[in-house]
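> structural data only, the sequence is not supplied:
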């Protein structure tokens, strides 16, 4: 990948409940991680979000999660490796079907919430996720967290022939291993747009962040995430887009 891609978790409304500012953020991102109905979203929201992404020339990614609508997919749940693969295939297939009806396809996968965090902490679960992507379509890249040391994940990706896109977060605090600070702790989520912009540009320049213990943390990232449910992130998206374009000479 020649430049840092900007991605956003999106399509997270459900029924009459509206979540995020999808129409406002979509023109400024490269990749839309669209909820697949298990933590958020529903068939109509998925269709509308795909339509919006296509109108803005944005890549469409499946954003699967644990089956936890009430907890927004942020509660860790116990599944076997086969059940993890079944969850992924069900959700990727659902979004891919909606894409195909509009002449498009899912172009990558990014797990959501607790599923994402658990796969980064448990090698067996990361293997199950990579196996699921490889079985569905080995041409689909898998988005996962850039940490201090990505070597184990890279080895798994190579084993199954799956391309990995390493992701960093503009609006989250990190611990010294390069994992996200728990949302239960103070300061885990940045709510100041200037702070979010500064962190985004630090990552884009390949410079180290300051981890929660004060140590220097260097993250090698292919893509940068902002959260569509964080109003400050949405406010910073246009400025991040402009800064990344300037950096890449666009």
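Nice, thanks for sending it over. This is a predicted model, so every value here is computed, not measured.

> neighbouring contacts of the helix or strand of the chain with the lowest mean pLDDT?
Lowest on mean pLDDT, DSSP states H and E among the helices and strands of the chain sits helix 231-247, with a mean of 77. Here helix 231-247 makes contact (CB atoms under 8 Å, 6 or more residues apart in numbering) with 3-4, 6, 8, 20-21, 24-25, 28-29, 170-171, 190-194, 196-197, 200-201, 204-205, 224, 226-228. To be clear about C-beta, it is placed using only N, CA and C from the backbone, and glycine gets the same treatment.

> narrow these to those in strands?
6, 8, 224, 226, 227 (DSSP state E).

> which residues does the last one contact?
Each residue near residue 227 by CB under 8 Å, 6+ apart is listed here: 8, 9, 169, 171, 233.

> follow-up on the earlier one: how far does the least confident helix or strand of the chain sit from its chain's centre?
Averaging C-alpha positions (CA atoms, centre = their mean, to the nearest Å) puts helix 231-247 17 Å from its chain's average.

> now the contacts of residue 227 in JSON lines, with distance to residue 33?
Converted to JSON lines, the contacts of residue 227 look like this (distance: CB to CB, whole Å):
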{"residue": "8", "distance to residue 33": "7"}
{"residue": "9", "distance to residue 33": "5"}
{"residue": "169", "distance to residue 33": "12"}
{"residue": "171", "distance to residue 33": "14"}
{"residue": "233", "distance to residue 33": "13"}
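
> of these, closest to residue 109?
residue 9 (13.0 Å; CB to CB).

> distance of the residue nearest to the closest one when sequence neighbours are not counted from residue 107?
Spatial nearest neighbour of residue 9, excluding adjacent residues (CB to CB, 6 or more residues apart in numbering): residue 33 at 4.8 Å. According to CB to CB, to the nearest Å, residue 33 and residue 107 sit 11 Å apart.

> mutual contacts of these two, please.
Common neighbours of residue 33 and residue 107 (CB under 8 Å, 6+ apart) are residue 61.

> between those two, which is the more surrounded one?
residue 33 (29 against 18; other CB atoms under 10 Å).

> okay, that one: pLDDT?
If you check residue 33, the pLDDT there is 97.

> measure it to residue 194 for me?
25 Å.
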